[in-house]
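K.L.:
please work out how this folds:
(one chain, ligands or ions: 1)
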Amino acid sequence: MFLVGLTGGIASGKSSVVQVFRQLGCAVIDLDVIARHVVQPGYPAHQRIVEAFGTEVLLENGDINRKVLGDLIFNQPDLRQLLSAITHPEIRKEMMKETFKYFLQGYRYVILDIPLLFETKKLLKYMKHTVVVYCDRDTQLKRLMQRNNLSHEDAEARISAQLPLKDKARMAHHVLDNSGEWSITKHQVILLHAELECSLEYLPLRLGILTGLAGIAGLLYLLTRYLLPSP
Ligand SMILES: Nc1ncnc2c1ncn2[C@@H]1O[C@H](COP(=O)(O)OP(=O)(O)OP(=O)(O)O)[C@@H](O)[C@H]1O
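P.N.:
Presented below is the predicted three-dimensional model:
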């Protein structure tokens with residue numbers, strides 16, 4: 001099995017593309033969903049956040065108040081780093097668990113939907129392929145204004161706060177150009193899925209694990225056959 005990191009920019013069409021991959025039967029892990037999951041009450045990261053930032057970051061029902069926490073770390077690199085140090089290992093653990101689950105189910109590749117794949121870079125080394133859902137800036141602006149009911153100025157500000165999509169596209173192995181009709185994008189997704197599904201890059205890990213398991217089974221057999229006293 002191998003990992004495929006998928007990213008894009010605000011309103012570039014990432015969620016729409018992920019939906020097609022899911023419809024094609026692909027395994028998809030959404031890092032945003034995991035990030036929200038690991039800070040739920042009862043999870044270790046939740047407790048550490050309360051210890052580090054105080055109970056003022058909690059809602060009445062005990063959930064983390066993401067807005068308050070976000071405001072607290074805004075422009076405070078030390079606090080932002082502290083929050084990352086608490087949450088990132090938990091997110092990675094959960095990601096590994098989900099990936100292993102898909103490995104056992106026999107998937108050849110798993111898509112990781114990671115909004116900040118190229119900005120944080122930490123997960124890049126695990127990705128065999130990277131995919132950027134791209135669209136030209138005018139289209140991105142128009143779709144963002146329409147979807148979020150934003151003024152031209154607000155939409156511009158949100159797009160400008162991100163790494164330019166053109167730069168991300170330059171860094172990716174595959175670019176899905178979502179500037180045009182949806183049917184054209186959908187066709188690109190189908191082609192990419194076929195390419196990834198045909199790739200033999202899933203074999204080394206699968207063979208490695210199978211060889212490891214066969215080795216352990218062989219060792220256990222030898223131990224029981226020759227080392228344990230016969231009844
Ligand atoms: N090819 C297309 N033609 C027309 N509209 C599109 C196309 N692709 C996406 N859209 C619309 O553009 C908007 C943004 O798409 P989507 O929500 O998939 O983007 P996103 O990258 O997941 O956004 P974000 O990361 O900000 O949540 C949605 O309203 C979607 O319906």
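K.L.:
please list the residues of the chain that sit near the ligand.
P.N.:
Proximity of the chain to the ligand, by CB under 6 Å from any ligand atom, involves residues 8, 10-16, 143, 147, 178, 182, 185. Every residue, glycine included, has its C-beta placed from N, CA and C.
K.L.:
could I get the full set of strands for this structure?
P.N.:
Per DSSP state E, the chain carries strands over the ranges 2-8, 27-30, 109-113, 129-134, 174-177.
K.L.:
show me what the first one is packed up against.
P.N.:
Just to be clear, that refers to strand 2-8. Packing partners of strand 2-8 (3 or more CB pairs under 8 Å, 6 or more residues apart in numbering; DSSP states H and E): helix 14-23, strand 109-113, helix 117-120, strand 129-134, helix 165-171.
K.L.:
per-domain residue ranges of this structure.
P.N.:
What automatic domain parsing lists as the domains of the chain is 2-198, 200-231.
K.L.:
highest mean neighbour count out of these?
P.N.:
Scoring these by mean neighbour count under mean count of other CB atoms under 10 Å gives domain 2-198 as the most buried, with a mean of 16.
K.L.:
how close does the residue nearest to Met145 when sequence neighbours are not counted get to Leu165?
P.N.:
Of all residues not flanking Met145 in the chain, Ala155 sits nearest, at 4.6 Å (CB to CB, 6 or more residues apart in numbering). As defined by CB to CB, to the nearest Å, Ala155 lies at a distance of 14 Å from Leu165.
K.L.:
what does Phe118 give?
P.N.:
If you go by CB to CB, the gap between Phe118 and Leu165 works out to 10 Å.
K.L.:
then Val38?
P.N.:
28 Å.
K.L.:
could you do Lys122 as well?
P.N.:
The value you get for Lys122 to Leu165, if CB to CB is used, is 21 Å.
K.L.:
follow-up on the earlier one: I'd like the strands of the chain as TSV, with mean pLDDT and distance to Pro77 appended.
P.N.:
Formatted as TSV, the strands of the chain follow (pLDDT from 0 to 100; distance: least, CB to CB, whole Å):
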stretch	mean pLDDT	distance to Pro77
strand 2-8	97	23
strand 27-30	98	27
strand 109-113	97	26
strand 129-134	98	27
strand 174-177	98	32
